[in-house]
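Student: No letters, just coordinates:
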């Protein structure tokens, strides 16, 4: 006679069986924080003051983010392709650029690029006007993220199997045609998610530009807290604004990823 | 002039791996040559040198009278005339089956889209899967993918077709559908060079069978002579292993 089956209360259970184990509590926590901050800003005068003093910096933050992202993408694509080029000089210059940038902390680089490299470079090429502090800051960020993006582009292109290139070339497509029609479209699938992450990272790192006096969100918050000594209100509000921005962007990027991979639609 | 002329072919991979050590091979138009040999013997490398996917260390390769090793030769022009089918199919996963078959027609042959589509569909009919024209490669079985790869090459109206172990990555029940397409192609008079382990195909379709070992041609003969009356000990030993 087989032994009796255990009563339900004594049975070992898989962790995934209960709804509360799978429920996204983290979203509730974030939701609560957002609700708390929203309520504070509406009801509390200090928070409201902080909000109105800080949030106008959002335009400069977004402007710097988009400008730095666009320039960094161009630099990154060039340096990423450069590392895969057949030309020895191109390959080594690209590699050196990426390794140097990645080997120096971001804050140190922002100071160096914005206060030394860009002014001296613009003088050297004979630009009549000085580059504005804002653009110096943006260029510093772009130069830094260009190196990170170069690695993403290089990795994306290398993620396309060699056989794809060979298939294209064996059909008589030129190197350029093969890259454009076969390699790049496939590389994009590997490139878009990490590039999206970098876009968000740039947004967050524009915060560092406050050290150069750019009047973006963080600089506004520092000015607010310095003049009112309301550190908690000012810094909570600042964090709240960044968090909202990043969450909104993450949701947006997820949509973009889905639109960019039409050949996967058949499986969904 | 022969359709394919390989003379003194040597290919050395860095630092000192000698994959091909002096191969001469002449293939006439309409001929089907099957290359067999143990793995790592250099048979795929020979094939890949015929459309210069590998650049020979020494020697010459002529396709229809054009020397591919010559720096002045436009390789893209020659490659458009030489179809290649790979072991791993290498279909373009981001394009539909029909787009796979029309891409090079449009970009290289510069055919207008409707002409390319027509030719593409005709070739898909030929390999027996016109109904999959708008599917993506990953939705196809291995055998279907390989047939699309053959159609993709044929759509360029090549003078020569190269097959690099076209059935080696297939499940057993899909090998026949690919070999049938190749047999038909051979019957239609296509010049073919086929690296394969399918001895049945070699017997049925080949005009000549070449046995390669250690980067050299050991023996070339008609299929009946080759399989029933091999001349060299090495060939005999190899055939004993696989038959």
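Tutor: Alright, I've got the coordinates. Predicted model, so just to flag it, every value in this text is computed and none were measured.
Student: Measure how buried residue B:99 is and give me the count.
Tutor: The tally of other residues near residue B:99 (other C-beta atoms under 10 Å in any protein chain shown) stands at 20. In this view, the C-beta of every residue, glycine as well, is placed from N, C-alpha and C.
Student: excluding its backbone neighbours, what's nearest it?
Tutor: Closest residue to residue B:99 in three dimensions, ignoring its sequence neighbours and counting by C-beta to C-beta, 6 or more residues apart in numbering or on different chains: residue B:92, at 7.5 Å.
Student: and what of residue A:183?
Tutor: Nearest-residue entry for residue A:183: residue A:160, 5.0 Å, with adjacent residues in sequence omitted and distances by C-beta to C-beta, 6+ apart.
Student: Distance of that neighbour relative to residue A:90?
Tutor: Noted for residue A:160: a distance of 20 Å to residue A:90, by C-beta to C-beta, to the nearest Å.
Student: ok, now residue B:26?
Tutor: Looking at residue B:26 against residue A:90, where the rule is C-beta to C-beta, the gap reads 42 Å.
Student: does whatever residue of the stretch 51-200 of chain A ends up closest to chain B belong to a helix or a strand, and which?
Tutor: Residue nearest to chain B within the stretch 51-200 of chain A: residue A:172 (2.9 Å; C-beta to the nearest C-beta). For residue A:172, there is no host helix or strand (DSSP states H and E).
Student: ok, how many other residues are close to it?
Tutor: Taking other C-beta under 10 Å as the criterion, the count of residues near residue A:172 is 26.
Student: try residue B:36
Tutor: In terms of burial, residue B:36 registers 24 neighbours under the definition other C-beta under 10 Å.
Student: And the helix ranked longest in chain A, what's buried?
Tutor: Of all segments of type helix in chain A, defined using DSSP state H, the longest is helix A:231-259. Applying a neighbour-count criterion of 16 or more other C-beta atoms under 10 Å in any protein chain shown, one finds A:233-238, A:240-242, A:245, A:253 buried in helix A:231-259.
Student: any idea which of those residues is the one closest to chain B?
Tutor: Out of the buried residues of helix A:231-259, the one with the shortest distance to chain B is residue A:253. That distance is 20.2 Å, counting by C-beta to the nearest C-beta.
Student: Looking at the residue nearest to residue A:183 now. What's its pLDDT?
Tutor: pLDDT recorded at residue A:160 is 95.
Student: Could I get the contacting residues of it?
Tutor: Neighbouring residues of residue A:160 by C-beta atoms under 8 Å, 6 or more residues apart in numbering or on different chains: A:182-183, A:186-187, A:190.
Student: Separate out the buried members of those.
Tutor: Applying a neighbour-count criterion of 16+ other C-beta under 10 Å, the buried members of these are A:182-183, A:186-187, A:190.
Student: Would you format those as JSON lines with secondary structure, distance to residue B:135 and pLDDT included?
Tutor: Supplementary listing: the buried ones among the contacts of residue A:160 in JSON lines, determined by DSSP: H, G, I helix; E, B strand; the rest coil; distance: C-beta to C-beta, whole Å; pLDDT from 0 to 100:
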{"residue": "A:182", "secondary structure": "helix", "distance to residue B:135": "19", "pLDDT": "95"}
{"residue": "A:183", "secondary structure": "helix", "distance to residue B:135": "22", "pLDDT": "95"}
{"residue": "A:186", "secondary structure": "helix", "distance to residue B:135": "18", "pLDDT": "93"}
{"residue": "A:187", "secondary structure": "helix", "distance to residue B:135": "23", "pLDDT": "93"}
{"residue": "A:190", "secondary structure": "helix", "distance to residue B:135": "23", "pLDDT": "88"}
